[in-house]
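>>> The following block contains a protein sequence and its predicted model.
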Amino acid sequence: MKTFNYHSTKDVKEATKLASSSSAFLAGGMTTLPSMKLGLASYKDIIDIKRIKKLSGIKVSGKSVTIGSTTKHAEVANSKEVKKAIPSLAALAEGIGDPQVRNRGTIGGSIANNDPSADYPSACIALNATIHTNNRKISSDKFFTGMFETSLKKGELIEAVEFQIPEKSCYQKYPNPASRYAIVGVYVAKHKSDVNVAITGAKSCVYNEKSIANALLKNFSSSSLDSLKIPSSGMNSDIHASADYRANMVKVFAKKAVDAC
Amino acid sequence: MASLVGSRVERKEDKKLLTGRGKYTADVTFAHQTYAYFVRSPHARAHIKNVDISKAEKSSGVVAVLTGKDIANDKIGGLIAGWRIKSEDGSDMKVPAHPPLASESVNYVGDHVAVVIAESLDEARNAAELVKVDYKVLKAVVKTDQAMDSENIYKDIPKNLCFDWLLGDREKVKEAFDKADKIVKIDLINNRLIPNAMEPRAANADYNPSTEEITLYTTSQNPHLARIIISAFNGVAPENKLRVIAPDVGGGFGSKIYPYAEEVVCSWASKKIERPVKWIADRTESFLSDCHGRDHVTHAELAVKNDGTFLGFKNETIANLGAYASVFGTVTPTYLFGPCATGVYKMPAAYSNVKAVFTNTAPVDAYRGAGRPEATYTIETLVEKAARELGMDPAEIRMKNFPTQFPFQQTLVHSVDSGDYNAGLKKAMEVADYKGFEKRKKDSESNGKLRGIGFCSYFEACGIAPSAVVMSLGCGIGLWESAEVRFNPTGNVTVFTGSHSHGQGHDTTFAQIAADRLGVPLENIEISHGDTDKGPFGYGTYGSRSLTVGGTAIVKACDKIVAKGKKVAAKMLEVNESDVEFKDGEFIVAKSNKKKTIGEVAFACYLPGTYGEVKSPLPEGEEPGLKETSFFDPGNFSFPAGSHICEVEIDPDTGNTEVVKYTAVDDFGTIINPLIVEGQVHGGLAQGIGQALYENCHYDDTGQLVTASYMDYTMPRADNFPEFNLGFTCTPATSNPLGTKGCGEAGAIAAPPTVMNAVMNAIGTEISMPATAEKVWKACQKMNKSNSKAA
């Protein structure tokens, strides 16, 4: 690991002021630290935001669940309020990584990293999330722009993620047997006037599978997907799963998710 | 005193290991310590045109940068192939030179080119990036089955063929096949695995310029072998000036039996710079440079009669040795594989023909089971296929061909001393509730799942020895084992063994044996191993040999102690030696209440005198002290055997396979500690099921290792397994006084075919290991099986 300056910050202003083109914010460090250790990334300044109190915590209102960016996966998984308002979101958090990851990793870190196989980005898309940063609000359909890319500007800091409470929802994933990241993860959410079917793991970036969403909008049952064919074009292909297999899994797991809603 | 042999004694070593108080090589740091980082080849095959170290040498904290030229100039010998194999035509095997640091060519990704030694690991690593190696990249040879048709990697080795070995009689096999009603054929791949011991390899070499002695701490299953190779073959230091210590070692599975380039380089470099040199592999280095396991491509045929009687067997295998012939790389696919390929069956005629090839991949060597898993996978998938094709029950076809008379002369090499294969299979069927399978299958189907059942009956040759036999077959070393039993003056005991424990629980098992034999409480016995300066020379731990060979040496040394003790006790008790009996730690005079404890006798041996009078407890001519050594070389291998039955459930829509029921009934002969034996079976099963369903080493076409981290190499986890159902039968081995047979490898040997037979039973078609979800899904598509159709 290359040497770097470590800054522990107490408020958002201090943190964003320190940010530069060669800095990184550090929350759980679940991706940043291994990347640095492996020599894949190096930074001049590491800006630790874990001590900024306002970035952590869960608030539930009648319409939404707002989760502070440094809130750990385990806190979301164990939150009675989240379990009551959006049980599928708590279940998703419970299924991320392993206990060590869940007790270090944060929601803000996960979505800022936008790993194509991460779980949380699918929740953002399915639950019409709004990402609150230090200077604006970004709707989730504008946030995830590509593989490991988001619309965050350099030095912009996520403060919280606000999820819309759906009528019903479910997240189902088929984990990679080695890494346990999603080979395919499908987050189905039925809102009052729309249905979202967010897919992670299958393509280079999380997306809303409109063909399934439209079918479910007409008839919210797994049988409405029987005749649907998911094309494999644009799907990831690697030693663990071909594009054809992923296309199959999108449909199989969408059906599982609908059945479990 | 109740016998400790056979009791579930909790492992004495666990308190230390589980509370983080173990001492591993990485925990050893010397004064003036330096740190080594290896510059490794990023290419699978290339010529080295130039190595420029000028920038690296000037980098902060760098002590030395050493290259292949330096090691060649110092005349340090190359790494060795330890077992000579002859081809069918009588010619010797062909092996390439394997310098510890390459100077002319690199032959796999991870091959060693240079070492940077610095004051800290970070400085060594940073400087390593500044070593500029100019490569001429060549086309890599990667695939096992294409190696013989590819460009020659080494100019003196045509067709990349190390040897073309035959065991058996082709003529007799042809006659048998001519008489057959049916020939069952199978083509299979035994997938390449990466050992993944929990503790990565490490070395810390400390040269003392005033005594010219090197102390090498290393992660070894076999420190004595490391010492003799590094001194006699690599020529780093004379044997008496090299002390090798393998302290606590976190697993090996075969990959730590022999020294690698890193230990040789650290020892040599320490001498050169006159400072200690420490190297610890990171996990990626382990994936790249630990010797891998398996990697066979096999075509096999079984000639059968319509009633299921086996007539003959053919085994044509290509075995991938990787880029170099590793120490046991050549014996693993030959003598450890070929003989066992006929399985537990009467087979009138058989041959195994193995072509071993070089490729531009990491060297392949022994991995838990070493050759016997490959053999068992071959015969047991073939037998299951024969049952399918003949419409016979898989248990019935096996029982029909089991030998019932022991000793059983197995077709190709072994004389199996004892066994009862029918009893094992019958017990496995009971434990597994074979009769209830059809009902369970229906239950699974009603949940949309396919359920399959698979069998495997195996035997293996382990307890690896005897020296005269293995050396006649080309082994470069003897394979006996040693023990020294030393009474301390106050009556407690230290037992030195030449074997090595890196997870097997020797501290407990061996103490149980000595405690029973000497009548000394378990807590008064310490087991010492892993240091060439303590205790006699030995041959380490692998091949399920430690208890059967090393444990017997302990028994024999204990018996010598008792024999001397008897003489001393007789003198002390003023009776004839023939009147003294030894029982439960006491020397007793028959029909009297006169006795001496073994502790009193030991004390007397060390303090042979009495205050105020000239009187010795030692008989005339007897030396003081109480310490005995034994070297045991058994007359035969030992032959554990067993039958395993597995049930899997498959979701045809995803191809996900779940092992829902696994039964293992094994015959390990006498069991010393059932708790430890069950743990060994569990571990073996985890690795065997891992091979069948999850683990796969994958190189791309250019020879880059794709599965070089846990992101891509699937290590099985606890949630991949059901609760295992274990059972045991017992026919004691006759080749050692304990009657033990060895248990370390059985699970890894039996599980792959057991699981794969279950998968193939469920989906109705053949499929290769590992049966990943996608492969199984594709097979289900092909067989037109879906969730709705299963129901």
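Looks like it arrived, so ask away.
>>> Starting from A:Ala41, give me the distance back to the residue of the stretch 1-150 of chain A at minimum distance from chain B.
The nearest approach of the stretch 1-150 of chain A to chain B comes at A:Met1, 6.9 Å away (C-beta to the nearest C-beta). C-beta: built from backbone N, CA, C; applies to glycine. According to C-beta to C-beta, to the nearest Å, A:Met1 and A:Ala41 sit 10 Å apart.
>>> wait, what's in contact with A:Ala243?
A:Ala243 is in contact with A:Ser232, A:Ser233, A:Gly234, A:Met235, A:Asn236, A:Ser237, counting by C-beta atoms under 8 Å, 6 or more residues apart in numbering or on different chains.
>>> okay, the residue of the stretch 1-150 of chain A closest to chain B: pLDDT?
Note on A:Met1: pLDDT of 78.
>>> name the element the one residue in chain A that gets nearest to chain B belongs to?
Nearest residue of chain A to chain B (C-beta to the nearest C-beta) works out as A:Ala178 at 4.0 Å. Under DSSP states H and E, no helix or strand contains A:Ala178.
>>> got a list of what it touches?
If you count contacts by C-beta under 8 Å, 6+ apart, A:Ala178 has them with A:His240, B:Tyr694, B:Thr707, B:Tyr710, B:Met711, B:Asp712, B:Tyr713, B:Thr714, B:Met715.
>>> What count of nearby residues applies to the first one?
Burial of A:His240, expressed as a neighbour count using other C-beta atoms under 10 Å in any protein chain shown, amounts to 20.
>>> mind checking the SS state of B:Glu678?
Using DSSP: H, G, I helix; E, B strand; the rest coil, the structure places B:Glu678 in helix.
>>> Can you name the residues bridging to the residue nearest to it when sequence neighbours are not counted?
Setting aside the residues directly before and after it, B:Glu678 is nearest to B:Leu726 in space (C-beta to C-beta, 6 or more residues apart in numbering or on different chains), at 5.7 Å. In this entry, B:Leu726 is beta-bridged to B:Ala664, by DSSP bridges.
>>> B:Leu726 and chain A, how far apart?
Note on B:Leu726: its distance to chain A, by C-beta to the nearest C-beta, to the nearest Å, is 25 Å.
>>> and A:Lys37, how far is that from B:Ser286?
15 Å.
>>> Which of those two has more residues huddled nearby?
Neighbours were counted for A:Lys37 and for B:Ser286 using other C-beta under 10 Å; B:Ser286 has more, 19 against 11.
>>> Apart from its chain neighbours, what residue comes closest to the more buried one?
Closest residue in space to B:Ser286, ignoring its immediate chain neighbours: B:Pro200 at 4.6 Å, by C-beta to C-beta, 6+ apart.
>>> What count of nearby residues applies to that neighbour?
B:Pro200: 19 neighbours (other C-beta under 10 Å).
>>> tell me which element it falls in.
B:Pro200 belongs to no helix or strand when elements are defined using DSSP H and E.
>>> just checking, it touches B:Phe287?
No. Counting by C-beta atoms under 8 Å, B:Pro200 sits too far from B:Phe287 to count as a contact (9.7 Å).
>>> Inside strands: which ones of the contacts of A:Ala178?
Per DSSP state E, strands hold no members of the contacts of A:Ala178.
>>> any idea which of those residues is closest to B:Ile48?
Taking C-beta to C-beta as the measure, B:Ile48 sits nearest to B:Thr707 out of these, at 26.4 Å.
>>> Now do the same contact list for that closest one.
By C-beta under 8 Å, 6+ apart, the neighbours of B:Thr707 are A:Ala178, A:Ile239, B:Ile194, B:Phe287, B:Asn696, B:Cys697, B:His698, B:Tyr713.
>>> For ChimeraX, write the select line for the buried members of those residues.
The buried residues among these can be selected in ChimeraX (16 or more other C-beta atoms under 10 Å in any protein chain shown) with this line:
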select /A:178,239 /B:194,287,696,697,713
